[in-house]
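In: just the structure for this:
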Amino acid sequence: MATAMMSLLEVLKGASEFLGKQGVESPRLNAEHLLAHVLGLKRMDLYLQFDRPLGESERAPLRDLIRKRGTGIPLQHLLGTVEFCGRTFKSDSRALIPRPETEQLVERSLTYTNLSSPGTAILDVATGSGIIPLTLALERPEASVTATDISPEALSLARENAALLGVDRIAFHEADLIPESISESLGASFALITANLPYIPSAEIPTLSREVQHDPLLALDGGDDGLNLIRRLAPLAYELLSPGGHLLLEIGIDQSEEVMKCLAGHNYRDIVALPDYQGIPRFIEAMRQ
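Out: Numbering: from 1, shown residues only. Next up, the predicted model:
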């Protein structure tokens, strides 16, 4: 017996209702993204096709994705992509899903006038999927960009994103923060060091949302108070910055005072906390003497 056709709008409403009952935030938006993905359309194109009939061959793969999203698998993992600073990057369980706040870190980086000079060196630590160094490399083609991560899985994703975007001039290094080879060969040459390090206190990891639980533990766990890696990076980064170079960190809620105190203890100057769009001190900027 043939399965009855349903209109695109009917399918969309049913999927939205299911996701809402499963506690998914923005269920309609999630359903739209997944349906557009299945149909090979842009999300906004759905609004022009609400009366389009959908058969079982189209509804079956959508049902599978909706069911997975209802269990808490992140939308970005199901789509396989994430939008960041106007570009599309691959996204999966190998690395942290980029957060919207991190776009502000990149935007702040791009205000530094010295990054436009030929040969300027930029370093991104704990690069994950590579969204920060790749965006900076594309926006500042004169710069030389280096990226490190302790996770070989994350670096493989970062390299895939580099290939996807046609960027072949980033040096990727597998390392716990900064490898000795960089310290020895490049020295105090970086005009900018960026880092979105793991900053969640270990005890808080089990309380995070089910979506965040799909991120790698390595990308989340910052130790007892969340600041272990930031404390380790501070003196290392200072030695690699050129005079007048900037360190720019993304941090967690209520960590700004402690991070600023740490950086002051390592001789950084012009240390300031910068707010995200919600007014939360989310970034710490500091300069080498």
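In: quick one, longest strand in this structure?
Out: As assigned by DSSP state E, the longest strand anywhere in the chain is strand 241-250.
In: list the buried residues for that one?
Out: Leu241, Ser242, Gly245, His246, Leu247, Leu248, Leu249, Glu250 (16 or more other C-beta atoms under 10 Å). C-beta coordinates here come from the backbone N, C-alpha and C atoms, glycine included.
In: for Lys261, see how far away the nearest residue to the first one once chain neighbours are set aside is.
Out: Closest residue to Leu241 apart from its sequence neighbours, by C-beta to C-beta, 6 or more residues apart in numbering: Arg288 at 4.0 Å. Using C-beta to C-beta, to the nearest Å, one obtains 17 Å as the distance from Arg288 to Lys261.
In: more neighbours, these two?
Out: Arg288 (23 against 10; other C-beta atoms under 10 Å).
In: what are the ranges of the strands in this protein?
Out: 6-7, 53-54, 81-84, 87-90, 121-125, 144-149, 170-174, 190-195, 241-250, 269-275, 281-287.
In: roughly how far does Leu138 sit from Ile131?
Out: As judged by C-beta to C-beta, Leu138 and Ile131 stand 11 Å apart.
In: for these two, indicate the residue with more neighbours.
Out: With neighbours defined as other C-beta under 10 Å, Leu138 and Ile131 compare such that Ile131 has more, 26 against 14.
In: dump the strands of the chain into CSV; add distance to Ile230 and mean pLDDT as well.
Out: Formatted as CSV, the strands of the chain follow (distance: least, C-beta to C-beta, whole Å; pLDDT from 0 to 100):
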stretch, distance to Ile230, mean pLDDT
strand 6-7, 52, 96
strand 53-54, 49, 97
strand 81-84, 23, 96
strand 87-90, 25, 98
strand 121-125, 10, 97
strand 144-149, 15, 96
strand 170-174, 19, 96
strand 190-195, 8, 97
strand 241-250, 6, 96
strand 269-275, 13, 98
strand 281-287, 9, 98
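In: before we move on, the earlier item: okay, the buried residues of strand 241-250 in TSV with distance to Asp124 next?
Out: TSV is the format used below for the buried residues of strand 241-250 (distance: C-beta to C-beta, whole Å):
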residue	distance to Asp124
Leu241	14
Ser242	16
Gly245	14
His246	13
Leu247	12
Leu248	10
Leu249	11
Glu250	11
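In: can you count the residues close to the spatially closest residue to Asp215 that is not a sequence neighbour?
Out: Distance criterion C-beta to C-beta, 6+ apart; nearest residue to Asp215, sequence neighbours excluded, is Leu96 at 4.9 Å. Residues near Leu96, counting by other C-beta under 10 Å, number 23.
In: wait, Leu96 sits on Ser129?
Out: Yes: at 7.2 Å, Leu96 counts as touching Ser129 under the criterion of C-beta atoms under 8 Å.
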